[in-house]
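Peer 1: sequence and predicted structure below; questions after.
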Amino acid sequence: MTSFEENLKMSWGKIPTGVAVLTTLEANGDIHGITINSFFSLSIKKPSLLVSISKSAKSHDLIVKDRKFGLSVLNSDQKEYGEFFSRNSKEKLPDKFDLVLMGQGIHVIKNSLIQFSCELDFMTSVSDHTLFAANIIKVNSNDSSPLLWHKSNFL
């Protein structure tokens, strides 16, 4: 018999979601990233989005400190980015990975489906996560197909 938590995780996993990599800068200037699927549009009129990040994630404290981040919604050919940035302990960024500067020290993944440059507007604590509301400063997109997460697999 599965526990409530296992059943809940399995149930949420049945909903296909887009996959994104949120990028920030470490104190030494290295790019740090985390794979997420908890993000959505807040407003078009006041361009903004919301992301949910675990308080235990290194990215959490980097967002709080720097107050800006990039968000790259991955295309279907970028599974290796999603896999790499989902690991808890990351080695050096692979040389074959191609990130580009969107300005103001914000890096995004080149050729990703959508690239957002964001500045933190508001944050609030919810249980073991923080919800970060950010203003979208710049956005780029292309017509590639999205990478999806469904039933604990990239599609």
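Peer 2: Okay, I see it. Numbering: from 1, shown residues only.

Peer 1: any weak-confidence spans in this structure?
Peer 2: Across the chain, the ranges flagged by pLDDT under 70 are 1, 90.

Peer 1: which residues of it fall in helices?
Peer 2: 4-12, 58-66, 79-85 (DSSP state H).

Peer 1: same list (these) but as CSV, adding mean neighbour count and distance to Phe132.
Peer 2: (Glycine included, C-beta is placed from N, CA and C.) Output for those, formatted as CSV (neighbours: other Cβ atoms under 10 Å; distance: least, Cβ to Cβ, whole Å):
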stretch, mean neighbour count, distance to Phe132
helix 4-12, 10, 20
helix 58-66, 17, 6
helix 79-85, 18, 17
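
Peer 1: is it possible to get CSV of the ones you listed that adds distance to Pro47?
Peer 2: Shown next, in CSV, are those (distance: least, Cβ to Cβ, whole Å):
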stretch, distance to Pro47
helix 4-12, 28
helix 58-66, 18
helix 79-85, 24
